[in-house]
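1. Give the three-dimensional model of this entry:
(chains A and B)
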Number of protein chains: 2
Amino acid sequence: MNEILITGFRVIDLRFPTSREHIGSDAVNKDPDYSAAYCVLETNAGLTGHGLTFTLGRGTDLVVQAAKYLSRYVVNRSLGSITDDLCAFSRQLTEDTQFRWLGPEKGVIHLAAGALINAVWDLYARVEKKPLWQLLSDLEPRHLLKAVDFRYIDDALSPDEAREILEQARSGKADRLARLKETGYPAYTTSVGWFGYSEEKIRRLCHEALAEGWTHFKLKVGGDPAEDLRRGRIVREEIGWTNKLMVDANQKWGVLEAIDRTRQLAELKPWWMEEPTNPDDILGHARIRHEVPAVRIATGEHCHNRVMFKQFLQAKALDVVQLDSCRVAGVNENLAILLLAAKFNTPVCPHAGGVGLCEYVQHLSMFDFLSVSTTMEDRVIEFVDHLHEHFVTPVHIRNGHYQVPSEAGYSIEIREESLNRFAYPQGEAWSGQA
Amino acid sequence: MNEILITGFRVIDLRFPTSREHIGSDAVNKDPDYSAAYCVLETNAGLTGHGLTFTLGRGTDLVVQAAKYLSRYVVNRSLGSITDDLCAFSRQLTEDTQFRWLGPEKGVIHLAAGALINAVWDLYARVEKKPLWQLLSDLEPRHLLKAVDFRYIDDALSPDEAREILEQARSGKADRLARLKETGYPAYTTSVGWFGYSEEKIRRLCHEALAEGWTHFKLKVGGDPAEDLRRGRIVREEIGWTNKLMVDANQKWGVLEAIDRTRQLAELKPWWMEEPTNPDDILGHARIRHEVPAVRIATGEHCHNRVMFKQFLQAKALDVVQLDSCRVAGVNENLAILLLAAKFNTPVCPHAGGVGLCEYVQHLSMFDFLSVSTTMEDRVIEFVDHLHEHFVTPVHIRNGHYQVPSEAGYSIEIREESLNRFAYPQGEAWSGQA
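-> Numbering: from 1, shown residues only, chains lettered A, B, ... in the order given. All right, here's what the predicted structure looks like:
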């Protein structure tokens, strides 16, 4: 590690014009252009480290600019000087004494920190010649915990408790790995029910998904109440009542409206209601959950750091932790979140889709199964079938399950030709656009 | 209003090299260069509107860039098209369908929205030829409430309840205004106890402050426990036990450590303990408050939106609401926060200092006294004696009280020569620096 020097950094404003086909449209995000601030770390060893943070188009330039600034904590360092104390490294990015005022640990600067920290882990895994899930699950608990920042969460999870969770999970790991390699990790599809899709398209996509072996389906809601129910009934007609249906309001409602609407949608017997209200509203989610006990509550894709997840768990405000791979400060902070969820016996079903989120989170969930929660019960990873063709090692789905990635790294490297074509604004996909 | 057209926008990256003299240093913010993204709206009427958001130096460029983008919702509009529906205007800035992903309503993009919304209010007040506090308190409740976004807070405060608060506060307003003009609004000084100051400097500053009529003093803590107590005893020796002393840890501690340290510092009989832990930790603050009932808990300068303040109040997590004039989305969101605080009978003591925060918040507190809470009991505005010389209409303090501003606007206009001198990086104050 110490002989590997990070010699260079580049970051690309990458935007895919997905809004042209209503891909990804929901009640709140009406016209997303799936985008990323994409970071590459260069080394003296020929290896590169890749990391991105997912965005929706406009504003990606802000994250790019923040990542450029934060790269000072990465470039001209040996990889070993980072991996020897990953918590200290993470704090350098999140506690820059002047940048910190713009957060702390939230928004643009935290998204940028996530991309950089993930790029370091990608490089680390490539040097170790392991996929990230394996690097993580091979690390000694003592070493792994050096990546976790317990500051501000030790009232809910002490380092000793975290170590105990990891130590207990060591038994049976080989069996779990064998099972994982045989079946893969269960997934659900969000591709059938975007907001902008017609009835005919929803029915066709449900048909196709069933034929491919999917058993868990997510529908976007948060529109006109009757229309939400109508679309939900269409999906139920197609998938039946044995398969699981989840609904997702993307933060559309206030707390009181969310309670009413969740009660109405209970007719569809949703497996969970996702983002019923504002993502900062811990007590609001707790109230919705308490007042509509028939429906499980899920949130997390906009939960901006471990302090917020800690409180969602303490307040019994959710049933499903939907961590995001790059909204928080990368792998480090997600280790904290996985351990918090385990402490509170709450399943983690990561947010995915977008650009690269599926590629990322498969590693986190597989590590969670092998080394933290030790179960796949009630756990599914989101899957959306968009943009995977741009990745060097895209996810591999079979029969509604993520297959175990075998290539070294964090699976997030994007093909050079895609980087060129979708670079904003100079890439071919954008030049000539207004 | 409809004949006033906003024709142009400029934004300046303004930085004051305060770190060279340890001004503003505390346990977390060790080397701030007090800075601002400073916005100017130009009109066809000769009038201009001014707004800034306060930052600590590096990263101000990100806020500048975000404000440039968001200015599309302001430029080439009549002022009337904005003031006719101020909530709709605010939502345009906070709910841009692609930018929103970078928040929502937090961090860099929310700071930028605050600067722009405040600039619009400054222009509005200038057109009405009133200082902002007077514009606000002269508006009919019905009209004023059109500026409040009740989305995500109506489970705690309904529009009807807010209107009731404003209606009830109409009686006695003339008497309160007379009293305010006579005494001013009470303030406290943070200038005596910054982290980097020597014992001799602390004693001298206390002496001077007492001579000027100050009765409320704030000390920065969060360093070595014995050293915090030593500095606190020095201040108590100088100011005695009748005057009020507040302590401020600037988020330094985890929840458990904060409980211990707050108990220790109780020896100093602090009037409040400010920011004992992470600003996102609603439940953590509630626990500290519950476990150390002898000391009142204050927080808010990093509380990023009305949804967070709502929960701090619902969870009984604080005794003092320290709203910030530009971390949230400007005057609009601060109206919501003042009304929430009134509903929960909790005093508001705004965060100030920095650049321009004193100039801003005097208007909010005076409006609060006239039209919302109707009392100055247990309420003080922070005052720090830095950088006021750069303002065209700086605050006027007499005998430890803010005097009522009489000039039209929001008092935030900075002198053109200061804009030139401290523009980053080209201004004279910076050129030649590394």
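2. A:Met246 should be in a strand, yeah?
-> Yes. Counting by DSSP: H, G, I helix; E, B strand; the rest coil, A:Met246 is found in a strand.
3. where does the closest residue to it other than its chain neighbours land on pLDDT?
-> The shortest distance from A:Met246 to any non-neighbouring residue, by C-beta to C-beta, 6 or more residues apart in numbering or on different chains, is to A:Lys218 (4.4 Å). Yep, even glycine has a C-beta here, placed from its N, CA and C like the rest. On the pLDDT scale, A:Lys218 is placed at 96.
4. contacts for stretch A:416-432?
-> The contact list for stretch A:416-432, computed with C-beta atoms under 8 Å, 6 or more residues apart in numbering or on different chains, reads A:Ile12, A:Asp13, A:Leu14, A:Arg15, A:Phe16, A:Pro17, A:Ser35, A:Tyr38, A:Thr60, A:Asp61, A:His390, A:Gln433.
5. just to revisit the earlier point, which residues does the residue nearest to A:Met246 contact?
-> Contacts of A:Lys218 by C-beta under 8 Å, 6+ apart are A:Tyr188, A:Thr189, A:Thr190, A:Val192, A:Gly193, A:Leu245, A:Met246, A:Val247, A:Asp248, A:Glu274, A:Glu382.
6. how about the residues of the stretch 1-150 of chain A that lie near chain B?
-> Residues of the stretch 1-150 of chain A lying close to chain B by C-beta under 8 Å from any C-beta of the partner chain are A:28-33, A:55-59, A:61-63, A:65-66, A:69, A:95-111, A:150.
7. Next step: these restricted to helices.
-> Within the residues of the stretch 1-150 of chain A next to chain B, residues falling in helices by DSSP state H are A:Asp61, A:Leu62, A:Val63, A:Gln65, A:Ala66, A:Tyr69, A:Gly107, A:Val108, A:Ile109, A:His110, A:Leu111.
8. okay, how far is it across stretch A:274-292, tip to tip?
-> 13 Å (C-alpha to C-alpha, to the nearest Å).
9. swap that for stretch A:100-110, sorry
-> Stretch A:100-110: ends 9 Å apart by C-alpha to C-alpha.
10. Which positions within that stretch qualify as buried?
-> A:Arg100, A:Trp101, A:Leu102, A:Gly103, A:Pro104, A:Glu105, A:Lys106, A:Gly107, A:Val108, A:Ile109, A:His110 (16 or more other C-beta atoms under 10 Å in any protein chain shown).
11. Would you reformat these as JSON lines and include pLDDT and distance to B:Gly284?
-> Formatted as JSON lines, these follow (pLDDT from 0 to 100; distance: C-beta to C-beta, whole Å):
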{"residue": "A:Arg100", "pLDDT": "97", "distance to B:Gly284": "18"}
{"residue": "A:Trp101", "pLDDT": "97", "distance to B:Gly284": "20"}
{"residue": "A:Leu102", "pLDDT": "98", "distance to B:Gly284": "22"}
{"residue": "A:Gly103", "pLDDT": "97", "distance to B:Gly284": "17"}
{"residue": "A:Pro104", "pLDDT": "97", "distance to B:Gly284": "14"}
{"residue": "A:Glu105", "pLDDT": "98", "distance to B:Gly284": "14"}
{"residue": "A:Lys106", "pLDDT": "98", "distance to B:Gly284": "16"}
{"residue": "A:Gly107", "pLDDT": "98", "distance to B:Gly284": "20"}
{"residue": "A:Val108", "pLDDT": "98", "distance to B:Gly284": "25"}
{"residue": "A:Ile109", "pLDDT": "98", "distance to B:Gly284": "22"}
{"residue": "A:His110", "pLDDT": "98", "distance to B:Gly284": "19"}
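12. and which of the residues you listed is nearest A:Arg289?
-> The shortest approach to A:Arg289 among the buried residues of stretch A:100-110 belongs to A:Lys106, at 23.6 Å (C-beta to C-beta).
13. count of neighbours near the residue nearest to that closest one when sequence neighbours are not counted?
-> Once flanking residues are discounted, A:Lys106 sits nearest to A:His304: 4.2 Å by C-beta to C-beta, 6+ apart. When neighbours are defined as other C-beta atoms under 10 Å in any protein chain shown, A:His304 has 27 of them.
14. The residue nearest to A:Met246 should be in a helix, yeah?
-> No. Assigned with three-state DSSP, A:Lys218 falls outside any helix and is strand.
15. residues contacting the closest residue to chain B within the stretch 101-250 of chain A?
-> Closest residue of the stretch 101-250 of chain A to chain B, C-beta to the nearest C-beta: A:Gly107 (1.8 Å). Contacts for A:Gly107 (C-beta under 8 Å, 6+ apart) come out as A:His304, B:Leu102, B:Gly103, B:Lys106, B:Gly107, B:Val108, B:Ile109, B:His110.
16. repeat that for 7 Å
-> B:Leu102, B:Gly103, B:Lys106, B:Gly107, B:Val108, B:Ile109 (C-beta atoms under 7 Å, 6 or more residues apart in numbering or on different chains).
17. Check A:Thr375 too.
-> Going by C-beta under 7 Å, 6+ apart, A:Thr375 touches A:Phe369.
18. just to revisit the earlier point, among the contacts of A:Lys218, which one has the lowest pLDDT?
-> A:Gly193 (80).
19. what's the burial count for that one?
-> A:Gly193, neighbours per other C-beta under 10 Å, totals 25.
20. Please apply the same query to A:Gly57.
-> 20.
21. cool, A:Asn345 as well?
-> Around A:Asn345 sit 8 other residues, with neighbours defined as other C-beta under 10 Å.
22. for the one 4 residues further on, same thing?
-> Around A:Cys349 sit 27 other residues, with neighbours defined as other C-beta under 10 Å.
23. what's the angle from the lengthiest strand in chain A to helix A:60-70?
-> Ranked by residue count under DSSP state E, the longest strand found in chain A is strand A:5-15. Angular relation of strand A:5-15 and helix A:60-70 on a 0 to 180 degree scale: 170 degrees, by axes from the mean of the first three to the mean of the last three C-alpha atoms, to 10 degrees.
24. Rounded mean pLDDT for strand A:5-15, please.
-> On average, strand A:5-15 scores 98.
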